[in-house]
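Student: could you look at this predicted model? Sequence included:
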Amino acid sequence: MGELEGTYRVLQTPGARLGTATPVGVSTLEPGQGPPARAARPAARTHIRVQLLDDSVEVFDIEPKCDGQALLTQVWERLNLIECDYFGLESQNAQSCWIWLEPMKPIIRQVRRPKNAVLRLAVKFFPPDPGQLQEEYTRYLFALQLKRDLLEERLTCTDTTAALLASHLLQAEVGDYDEALDREHLRAHEYVPRQERALHRILAFHRELAGQTPAESDFQVLEIARKLDMYGIRFHSASDREGAKIKLAVSHTGVLVFQSSTRINTFNWSRLRKLSFKRKRFLIKLHPEVHGPYQDTLEFVLGSRDECKNFWKICVEHHTFFRLLDQPKPKAKAVLFSRGSSFRYSGRTQKQLADYVKDGGMKRVPYERRHSRTQMSLRALKVDLPRQSISFSEGVRTPVTPSPTTASFCSAPASPPVPPGSRDFQVGSGSSETGPPAPGAWRPAAERSSMATAQPLRLPALQPHQGLSVESPQPSPSTQRSPPGLSPQGPAVQGPNPLLGPVLSDAAGAGMDDREEPKRKCVPTDEAYFIAKEILATERTYLKDLEVITVWFRSAVVKADAMPADLMTLLFSNIDPIYEFHRGFLREVEQRLALWEESSSTQATGSHQRIGDILLRNMLQLKALTGHFQRLHEVLTELEAASRRLRRLEALRRDFELQKVCYLPLNAFLLKPLQRLRHYRLLLRRLCAPVPGHPDPHGQDHADLRDALQAITEVTSMLQHSLVQLENLQKLTELQRDLVGIESLVAPGRELIREGCLHKLSRKGLQQRMFFLFSDMLLYTSRDAGGSSHFRIRGLLPLHGMLVEDQESEWSVPHCFTIYAAQKTIVVAASTRLEKAKWLHDLNAAIDAAKTGSALVPPARVLCPLPRGSPNEASLEPESEDEAGGAQGSVAGTGRHRASTAAHVCWCRQSSVSRADHSAAVENQLSGYLLRKFKNSSGWQKLWVVFTNFCLFFYKTHQDDHPLASLPLLGYSVSLPRDTDGIHKEHVFKLQFKSHVYFFRAESKYMFRRWMEVIERASASAGRAGTPEEEA
């Protein structure tokens, strides 16, 4: 058989076997003349109809035997679609299920009766953030896809959210609110199922969207939709091993498992080892370290082999598009036998597509909104919506991401209007012009911008009873938790300890690539511009912090119905006005900086190169919010009292603090408004200082800055006492949750002075203890041996009658000193001489203050019995770590705690933090883009970095809702790289703690200096126990 393979037998004609001559016929041609060449028949072509996202149908003429890529190419070229890899064509199979057209497979093998079939253009890959879509036209098509999903009930949500989505779609198509026109349009076009019932809500929401452009409306639609659980979800019916009916889906994060409409599990791409199918069984193999108590291979049964293979192909494509950097190489075909499928994703990955668009791969042209009164829209505006990747010089041109609050609780646009004078400025090589607007079309962006600058948009305070949606906004899928072991993204405390090892986990590294050096563009050089840019960057971070309360916590509270109505009203009626003010302020700063940068690039000077007028107007408006700032202390007090009284609320808070979006203790976000006022004062002082290169230090802008500084100084002076009380209350409530065995830690008159790690001398030698110095007592604790991160009380020493002596020579222990209390004497040792000096200074100051203090602090109630020992001998206390775990007491929740709080960092780094250090850290906060490099890595990674609470938090972009990783900086030193480090770049600083080394590169000399200054001030303790009032 092997010899016969590849040979062919020629069939003989009739009569050949009998030797009959082949008939040649009679020729009528002249000698030497041959028969004429037969004309080639034209290849048959097929007309295929494609329904576009605006429901129009286009006809494409192709050869029936060509691959699917030929049809896709024709569609992309006719639509002038640049980011085409997000889309695909789908057709219905014999079972009326929609399947994707494969580019590398002939059309006649995929589409039944191509002449009669109608293919459908649809979005294939839904990115997690609409800011990753860099083209306005792409966002427009995405909005049309979401409109289709909403109408087909694929995008399930509450009626309120559906009406809000419909109002933004209506704004994009008909413009500003006109009741008669709206009703006429809604009668002819359907946006949501059972639209008649939601008509009044749609009109009410649309009334609030005046002045919002179609591009902004599209972005709002995407921003609202991405918060929903069903965003981009396409169900595939299946069953598990027990026969329970489930639904499978795939997204950018991995494979999702639903039961009914509730997601019950998520298998992240990084946790999967292999995806395969066998007949109609879909198999998921997990990494050995992931499955834990579960089996390493999970099996799901789909309806048929074709359905199973189709779902497997979708998983392969999503994994390649979102996870890989380059296209996979095609698999070589087997010579004899093939095993398995040779299917591979053949398009560009998301990374390749982003780089292609960023580099100006195609000429941008106008496009038409088929059902909109605004017929033409330029894709070449300078001020565009957020991008996935932005270089340093483009940072201020990227407007803030519209907040999720707008998506669910209010109806005003969050995207800033286009600044004046920028509508003719174009990006890249594309150039296009538009004629005068058609009747009824949009007003020019400059008119709206001037109105917005004169009076920033202010929204009414949001009340908890204003028809809040339980499902909208939902935290993004990446913040929701799955069962242990199978969770792709667990609570913020899971994973390696960020204090002792490399901080960026696999999740952080997988989604970020080494970037090339950003291209330098013409930016302003005066320091006032960079200070204004710092205001912009920190304001973006501050607004995200407020959204933790106004959006995420509100959503959790409404969904769980765990907070009393009066407390809910008290909380959000004071936070919402502050949040709305800062949203308007951020929009103004973004617009001004975009114009400032534009005028600098054109070498022009004018009224745009200033920031004082905006700061003055907004600092004066802050005075109207003084009452809301003052009531934050009441809010925090009532919230703590309700949490102790209501178990459901306490459980809700504990679970919410484990979400990644809550990267700080919940109470810390309530301090942000008051802390931001002090930050404004600091920035304005630097703006008012004589700065070389300032265009006019004695002009109108400088006068406005001085007036703004005076206004914010009056506000901060009025609220300084409230801030000190609020910071102390927040710290005491945080410690109350971390400490086990003590009650009533929060008491009038009690203040935290210093917390840190010391070693206590006992019978077994020096043992590590965590000490907390209050204004009336000294607590020392040990780490709970029960596996949690709580600290268990080991001793309580009142300051009244206490004496501290430096007797290092007597005990022969380095950096030790003796504490004599009324009933006990202990010997403790610090890690360094500097730490010892700090503790001695603060202890003596606290003892002196306790002697002269007139206010009596109620004694703290200790719940667990304390070890007893000889009152005069320091080393007779028989304590050990084993005994510490056996003490009985009331544990205020045994859940996992965040490892980046000051107490846990001090324990790991054997350092301490004082009240003065916490107060100084309020002003030493910074945000911005940095390039980061590990000690042994070769490339730089671009990250959005937030420095607050003695910790660096890393984000991929400023639009992200939660950090990828964190790096506590207590104990770290900041310096310039040495020659041996091999760093030959400018504006680079080095962070080092023992063997852990990180390099960061700033965007400019100013930001390099600011990062060095802020980190050095906050990471190096002040060593002074002065009150925050003295520093104000």
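Tutor: All right, it came through fine.
Student: please, where are all the strands along the stretch 201-350 of the chain?
Tutor: 236-239, 245-250, 254-259, 262-268, 272-278, 281-286, 297-302 (DSSP state E, counting those that start in this stretch).
Student: what's the most buried one of those strands?
Tutor: Mean neighbour count (mean count of other Cβ atoms under 10 Å) peaks for strand 254-259 among the strands of the stretch 201-350 of the chain, with a mean of 21. Heads up, the C-betas are built off the backbone N, CA and C, glycines and all.
Student: what mean pLDDT would you report for that strand?
Tutor: Here strand 254-259 scores 89 as its mean pLDDT.
Student: which stretches of the stretch 501-650 of the chain form helices?
Tutor: With DSSP state H, counting those that start in this stretch as the criterion, the stretch 501-650 of the chain has helices at 506-510, 527-547, 554-560, 565-601, 612-622, 626-630, 632-645, 647-657.
Student: would you list these in CSV and tack on distance to Lys672 and mean pLDDT?
Tutor: As requested, these are exported to CSV (distance: least, Cβ to Cβ, whole Å; pLDDT from 0 to 100):
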stretch, distance to Lys672, mean pLDDT
helix 506-510, 25, 37
helix 527-547, 5, 91
helix 554-560, 16, 90
helix 565-601, 9, 88
helix 612-622, 14, 90
helix 626-630, 11, 90
helix 632-645, 10, 89
helix 647-657, 16, 90
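Student: for Leu687, find the nearest of these.
Tutor: helix 527-547 (5.4 Å; Cβ to Cβ).
Student: check which residues of the closest one are buried.
Tutor: Using 16 or more other Cβ atoms under 10 Å as the test for burial, helix 527-547 gives 527-547.
Student: next, the angle helix 565-601 makes with that helix.
Tutor: 160 degrees (axes from the mean of the first three to the mean of the last three Cα atoms, to 10 degrees).
Student: quick one: list the elements packing against helix 527-547.
Tutor: helix 565-601, helix 666-688, strand 926-934, helix 1005-1019 (3 or more Cβ pairs under 8 Å, 6 or more residues apart in numbering; DSSP states H and E).
Student: please save the CA atoms from it in PDB.
Tutor: Extracted C-alpha coordinates of helix 527-547, given in PDB (Å, rounded to 0.1, in the frame of the first residue of the first chain):
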ATOM      1  CA  GLU A 527       6.800  75.400  36.400                       C
ATOM      2  CA  ALA A 528       3.300  76.800  36.800                       C
ATOM      3  CA  TYR A 529       2.200  74.400  34.000                       C
ATOM      4  CA  PHE A 530       3.700  71.400  35.800                       C
ATOM      5  CA  ILE A 531       2.100  72.400  39.100                       C
ATOM      6  CA  ALA A 532      -1.300  72.700  37.300                       C
ATOM      7  CA  LYS A 533      -0.600  69.300  35.800                       C
ATOM      8  CA  GLU A 534       0.000  67.900  39.300                       C
ATOM      9  CA  ILE A 535      -3.400  69.300  40.300                       C
ATOM     10  CA  LEU A 536      -5.000  67.500  37.400                       C
ATOM     11  CA  ALA A 537      -3.300  64.200  38.200                       C
ATOM     12  CA  THR A 538      -4.100  64.200  41.900                       C
ATOM     13  CA  GLU A 539      -7.700  65.400  41.200                       C
ATOM     14  CA  ARG A 540      -8.200  62.400  39.000                       C
ATOM     15  CA  THR A 541      -7.100  60.100  41.900                       C
ATOM     16  CA  TYR A 542      -9.100  62.000  44.400                       C
ATOM     17  CA  LEU A 543     -12.300  61.700  42.300                       C
ATOM     18  CA  LYS A 544     -11.700  57.900  42.000                       C
ATOM     19  CA  ASP A 545     -11.400  57.800  45.800                       C
ATOM     20  CA  LEU A 546     -14.700  59.600  46.200                       C
ATOM     21  CA  GLU A 547     -16.300  57.100  43.800                       C
END
